[in-house]
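In: Quick one: sequence and predicted model below, then my questions.
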Amino acid sequence: MNQKTFSIGEIAEKYRIPISTIRYYDKNGLLPLIKRTSGNVRIFSDEDMRLLNMIECLKNTGMQIKDIRTFIEWCTEGDSTIEQRYEMFLERKKETEQQIAALQRSLELIDFKCEYYRKAKEAGTTEIPELQNACPPEIL
């Protein structure tokens, strides 16, 4: 059974990732299963695409390339690294939850400032007693 393959350009377009980034991932060992033609052109499989999707997900959480490489190495080592991978994802989850909480606090402050400036815009000034020092301390 022939598996459909994709060019680096098709992958770049599908994931909206620059070709140079995909090449960087490959050179840094993040895409170890990529096959190449006799002319040394990269050929991407569905499995490569899933791995690229995982790389982008982990990168979006702030994980460093060296840690992503470690994860991929553990995957290629097989089941003996399940515990390490599990612990890595627990840590990613914890850090991502912290990022979400920080972003939520930022969003609350932005919401407050939007309302503050909406009222100031209506009044034509920020010199309104009710607006002075109106930011709730839990937002700061």
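Out: Cool, the structure landed. Not measured: the values here are computed from a predicted model.

In: pLDDT weak spots in the protein?
Out: Residue ranges of the chain with pLDDT under 70: 1-2, 132-140.

In: Name the single longest helix found in it.
Out: helix 82-123 (DSSP state H).

In: and that helix, how far out from the chain's middle?
Out: 15 Å (C-alpha atoms, centre = their mean, to the nearest Å).

In: and it, what other elements does it pack with?
Out: Judged by 3 or more C-beta pairs under 8 Å, 6 or more residues apart in numbering; DSSP states H and E, the packing partners of helix 82-123 are helix 65-77. The C-beta positions use only the backbone N, C-alpha and C, and glycine is treated the same way.

In: Other residues contacting the helix it packs on?
Out: Applying C-beta atoms under 8 Å, 6 or more residues apart in numbering, the contact partners of helix 65-77 are 28-30, 32, 51, 55, 58-59, 81, 84-85, 88.

In: can you list these in JSON lines and add neighbour count and distance to K113?
Out: As requested, those are exported to JSON lines (neighbours: other C-beta atoms under 10 Å; distance: C-beta to C-beta, whole Å):
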{"residue": "N28", "neighbour count": "13", "distance to K113": "41"}
{"residue": "G29", "neighbour count": "15", "distance to K113": "44"}
{"residue": "L30", "neighbour count": "22", "distance to K113": "40"}
{"residue": "P32", "neighbour count": "13", "distance to K113": "47"}
{"residue": "L51", "neighbour count": "20", "distance to K113": "41"}
{"residue": "I55", "neighbour count": "23", "distance to K113": "36"}
{"residue": "L58", "neighbour count": "20", "distance to K113": "33"}
{"residue": "K59", "neighbour count": "16", "distance to K113": "30"}
{"residue": "T81", "neighbour count": "16", "distance to K113": "47"}
{"residue": "Q84", "neighbour count": "14", "distance to K113": "43"}
{"residue": "R85", "neighbour count": "15", "distance to K113": "41"}
{"residue": "M88", "neighbour count": "18", "distance to K113": "37"}
